[in-house]
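K.L.:
give me coordinates for this.
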Amino acid sequence: MIKSGYFLAPFLALSLSGLAAQSSGNVEIRFSYAKQPGSGSNQFAIWVEDAQGQVIKTIYATRFTAQGGWERRPQSIPQWVKQSGLARMNKAQIDAFTAATPLAGILRYQWDGTDQKRVPVPPGIYQVYVEATLRGENRVVYQAQVEIGGGPVEIQAQARYFGTGEAERNMIGPVTVQYKPRINA
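P.N.:
Just a heads-up that it's a prediction; the model follows:
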């Protein structure tokens, strides 16, 4: 009995170290969020695209938009809705990244360097997006480029505003994207 334990322990250690080596690091997306009063606002999504502009993974999307609100209110985070292929997703896929609109404060979301199927992405350049509907047609899209497999970095995402509304621009941002490579033992 003891001998089989000796053989099992090295196998488990080898297997666990192999899993750790597959993940190349962690990306944290951080920003302040100030909930806006009234309808037509407080919707946002966070996602990652590869160098070819293909969505690798949606990290988070507000439940209202993701669960059909985009059909009733098409101006709600339209870039993410289109890029993500939301119209072709089933309920289980959508439930994997949706949640209620959070409380105001500093929000932090993590990307573990995997795709939608939890397969580690290869080293390379990826785009991190945060899109928010500020009110009606007014929205913002933050974008930051991050290199998976490179050294640690912290980036301030660049903002592009759409629409003429100024009052709601403090709903979200600034957005910081931080990459920390995994240290393999």
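K.L.:
in the protein, which residue is closest to the centre?
P.N.:
By Cα atoms, centre = their mean, the mean C-alpha position of the chain lies nearest to Ile59, the distance being 3.1 Å.
K.L.:
check contacts around the residue nearest to that one when sequence neighbours are not counted.
P.N.:
Among residues not flanking Ile59 along the chain, Ile46 sits closest, at 4.2 Å (Cβ to Cβ, 6 or more residues apart in numbering). (C-beta placed from N, C-alpha, C; glycine too.) Counting by Cβ atoms under 8 Å, 6 or more residues apart in numbering, Ile46 touches 29, 58-61, 109, 128-130.
K.L.:
and if you look at Leu134?
P.N.:
Taking Cβ under 8 Å, 6+ apart, we find Leu134 in contact with 36, 41, 140, 163, 165, 168-169, 171-172.
K.L.:
equivalent analysis for Gln67, please.
P.N.:
Going by Cβ under 8 Å, 6+ apart, Gln67 touches 94, 98.
K.L.:
can you tell me the SS state at it?
P.N.:
The three-state assignment at Gln67 reads helix, by DSSP: H, G, I helix; E, B strand; the rest coil.
K.L.:
ok, it to Glu147 distance?
P.N.:
Counting by Cβ to Cβ, to the nearest Å, the separation of Gln67 from Glu147 is 34 Å.
K.L.:
what residue ranges in the protein score low on pLDDT?
P.N.:
Scanning the chain for pLDDT under 70 picks out 1-23, 40, 184-185.
K.L.:
strands along that one, start to end?
P.N.:
Secondary structure of the chain (DSSP state E): strands at 25-33, 43-49, 55-62, 98-99, 105-111, 124-135, 138-148, 153-156, 158-162, 172-181.
K.L.:
Gln54: neighbour count?
P.N.:
Residues within reach of Gln54, counting by other Cβ atoms under 10 Å, total 11.
K.L.:
use 655 as the first number for this chain going forward.
P.N.:
With the count now opening at 655, the last piece we talked about shows up as Gln708.
K.L.:
for Val831, see how far away it is.
P.N.:
Distance, Gln708 to Val831, by Cβ to Cβ: 19 Å.
K.L.:
quick one on the thing from earlier: and the strands of the chain: which comes nearest Lys771?
P.N.:
When the strands of the chain are compared for distance to Lys771 using Cβ to Cβ, the nearest one is strand 709-716, at 9.2 Å.
K.L.:
and the closest one, C-alpha only, in CSV?
P.N.:
Output of strand 709-716 as CSV, limited to C-alpha atoms (Å, rounded to 0.1, in the frame of the first residue of the first chain):
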residue,chain,number,x,y,z
VAL,A,709,-13.3,37.2,-29.8
ILE,A,710,-11.2,34.8,-27.7
LYS,A,711,-13.3,35.1,-24.5
THR,A,712,-16.0,37.3,-23.0
ILE,A,713,-15.0,38.0,-19.4
TYR,A,714,-18.2,39.7,-18.3
ALA,A,715,-21.4,41.2,-19.7
THR,A,716,-24.3,42.7,-17.9
